[in-house]
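# predicted structure and sequence below. I'll ask about it afterward.
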Amino acid sequence: MAKPREGHERLAPFGMRAVRMGLVTVEQVEKALAVQRMLAKAGKPKLIGMVMVDLEMLTTTQLLAVLHSYNDDRATHAGKPS
């Protein structure tokens, strides 16, 4: 499984989660974030997960798995004091 390298705390939560799930590498997330920034500057903002699908880094099934993992975390932490 791909692991985040030290000094990459700036990665978006979605990207870090995808790395932790072993779906992409840190380098792929960095490339996707660069593309996302370029799209935003061009007035065509896009969510990082969709950028990763467009770049064929993730399939739509993998994108959904990452998104569902957020709900799984919420369910796991529901009712626990913060």
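Received, thanks. Numbers count the residues shown, from 1 in each chain.
# show the pLDDT at the nearest residue to Gln36 once chain neighbours are set aside.
Among residues not flanking Gln36 along the chain, Val51 sits closest, at 4.9 Å (Cβ to Cβ, 6 or more residues apart in numbering). Backbone N, C-alpha and C define where each C-beta goes, glycine included. Looking at Val51, its pLDDT stands at 98.
# repeat that for Asp72.
So Asp72 comes in at 72 (pLDDT).
# follow-up on the earlier one: now the helix or strand hosting the residue nearest to Gln36: buried residues?
Assigned by DSSP states H and E, Val51 falls within helix 48-54. For helix 48-54, a neighbour-count test (16 or more other Cβ atoms under 10 Å) marks Ile48, Gly49, Val51, Met52, Val53 as buried.
# would you check that the residue nearest to Gln36 makes contact with Ala32?
Yes: with contact defined as Cβ atoms under 8 Å, Val51 counts as touching Ala32 (4.8 Å).
# which neighbouring elements make contact with the longest helix seen in the chain?
Longest helix of the chain, by residue count under DSSP state H: helix 60-77. Packing partners of helix 60-77 (3 or more Cβ pairs under 8 Å, 6 or more residues apart in numbering; DSSP states H and E): helix 13-20, helix 48-54.
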